[in-house]
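Engineer: Coordinates only, no sequence provided:
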């Protein structure tokens, strides 16, 4: 298995204390469909204006001030999935997803035991999704892919058993992700987190009824193919996310991300899709409620 030279937490910590200024608020509220509050508040810190005494509340409050009033906290291993479940139970603005990240699966000493722990959390009411799961051929080599596929298939089954939204991590594995979903039969709601495909792959996902969640990458100058994908996606199949503290939208690429920066990505998507900003916000909010809600 190919191991990354620097962990996600190390990359986050390296950029601590450099949060960008808050953008102009949105005209109506939206959600952040995919964030890692655990990494943000413990490894990076609290955006300017937040109360460090309760960093989770601070992250929520700073986001709400610009119109991002709901957050989906995403699990990547047993520890973060437990943490997210507890936080979702304590903060009404947060719901959780639980899973083993595809790069985590080959590292598990007992994959079956870890999957049992994820399934136990899946039964919780404030857990609204199973993910992020999927396939990643960028950081995991050939020798780890069998474990990834086994884990992905198990997560699909859990999502269907508990009627939860499936949140997919897909990196350099588009064809295999679709193959496995077609083999297993997809749950009712599937979200392609941080959608990274081109227009052809987007069309295949749209045809299957999947939701495409766009991150700050859609604002990057080099992301023309991604913007083409966004332009053909129906409004009722679009979500927006941060993947915080990563993938910070322009013009702040390279600095830490947090949910309060969602307006930058939403405005970029409004331009890309030729949609009125107010209409896009309303559509994103409604799709988020359909996939993960209700929050209260």
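Structural biologist: Structure's in. What do you need? These numbers come from a predicted model, not from an experiment. Numbering: from 1, shown residues only.
Engineer: Next, the nearest residue in space to residue 173 that is not next to it in sequence: secondary structure please.
Structural biologist: Spatial nearest neighbour of residue 173, chain neighbours left out: residue 135 (3.7 Å); criterion: C-beta to C-beta, 6 or more residues apart in numbering. Every residue, glycine included, has its C-beta placed from N, CA and C. Look at residue 135: counting by DSSP: H, G, I helix; E, B strand; the rest coil, its state is strand.
Engineer: The helix or strand in which residue 114 is found packs against which elements?
Structural biologist: Using DSSP states H and E, residue 114 sits within helix 111-122. In terms of contacts (3 or more C-beta pairs under 8 Å, 6 or more residues apart in numbering; DSSP states H and E), helix 111-122 is packed against helix 78-90, strand 94-98, strand 127-136, helix 145-161.
Engineer: Quick one, which of the ones you listed gets closest to residue 257.
Structural biologist: Closest of these to residue 257 is strand 127-136, at 16.0 Å (criterion: C-beta to C-beta).
Engineer: okay, the angle between that closest one and helix 145-161?
Structural biologist: 160 degrees (axes from the mean of the first three to the mean of the last three C-alpha atoms, to 10 degrees).
Engineer: elements contacting strand 127-136?
Structural biologist: strand 68-74, helix 78-90, strand 94-98, helix 111-122, helix 145-161, strand 165-171, helix 174-184, helix 277-292.
Engineer: can you list contacts of the fourth one?
Structural biologist: Helix 111-122 is contacted from outside by 75, 77-78, 81-82, 85, 98-100, 105, 108, 127, 130, 147, 150-151, 154-155, 158-159, 161-162, 164, using C-beta atoms under 8 Å, 6 or more residues apart in numbering.
Engineer: how about a cut-off of 10 Å?
Structural biologist: Defining contact as C-beta atoms under 10 Å, 6 or more residues apart in numbering, one finds that helix 111-122 is touched by 75, 77-79, 81-82, 84-85, 96-100, 104-105, 107-108, 110, 127-130, 133, 147, 150-151, 154-155, 157-159, 161-164.
Engineer: Using neighbour counts, trim these to the buried set.
Structural biologist: 75, 77-78, 81-82, 84-85, 96-100, 104-105, 107-108, 127-130, 133, 147, 151, 154-155, 157-159, 162, 164 (16 or more other C-beta atoms under 10 Å).
Engineer: hang on, the earlier thing: the residue nearest to residue 173 reaches residue 146, doesn't it?
Structural biologist: No. Residue 135 is beyond contact range of residue 146, at 11.2 Å (criterion: C-beta atoms under 10 Å).
Engineer: can you list residues touching both of these two?
Structural biologist: residue 105.
Engineer: Tell me which of these two has more neighbours.
Structural biologist: Applying other C-beta atoms under 10 Å to residue 135 and residue 146 shows that residue 135 carries more neighbours, namely 26 against 11.
Engineer: ok, what's across the strand from the more buried one?
Structural biologist: residue 170 (DSSP bridges).
Engineer: Could you pull up the residues touching it?
Structural biologist: 102-103, 105, 145, 148-149, 151-152, 168-177, 179-180.
Engineer: Kindly report the same for residue 98.
Structural biologist: Counting by C-beta under 10 Å, 6+ apart, residue 98 has contacts 73-78, 80-82, 84-85, 88, 117-122, 124, 127-133, 155, 158, 164, 167.
Engineer: Relative to residue 173, how far out is it?
Structural biologist: As judged by C-beta to C-beta, to the nearest Å, residue 98 and residue 173 stand 21 Å apart.
Engineer: can you give me the angle the helix holding residue 114 makes with strand 127-136?
Structural biologist: 150 degrees.
Engineer: tilt between helix 111-122 and strand 94-98?
Structural biologist: Using the same axes, to 10 degrees: helix 111-122 against strand 94-98 is 160 degrees.
Engineer: Just give me the residue right at the centre of this structure.
Structural biologist: residue 34 (2.8 Å; C-alpha atoms, centre = their mean).
Engineer: and that one, that's in a helix?
Structural biologist: No. Judged by three-state DSSP, residue 34 forms no part of a helix; its state is strand.
Engineer: Tell me who's in contact with it.
Structural biologist: Contacts of residue 34 (C-beta under 10 Å, 6+ apart): 71-74, 97, 129, 131-132, 167, 169, 191, 193-194, 213, 215, 239-244, 247, 259.
Engineer: Kindly indicate whether residue 267 is helix, strand or coil.
Structural biologist: Residue 267 ends up helix, using three-state DSSP.
Engineer: Neighbours of it, how many?
Structural biologist: Around residue 267 there are 18 residues (other C-beta under 10 Å).
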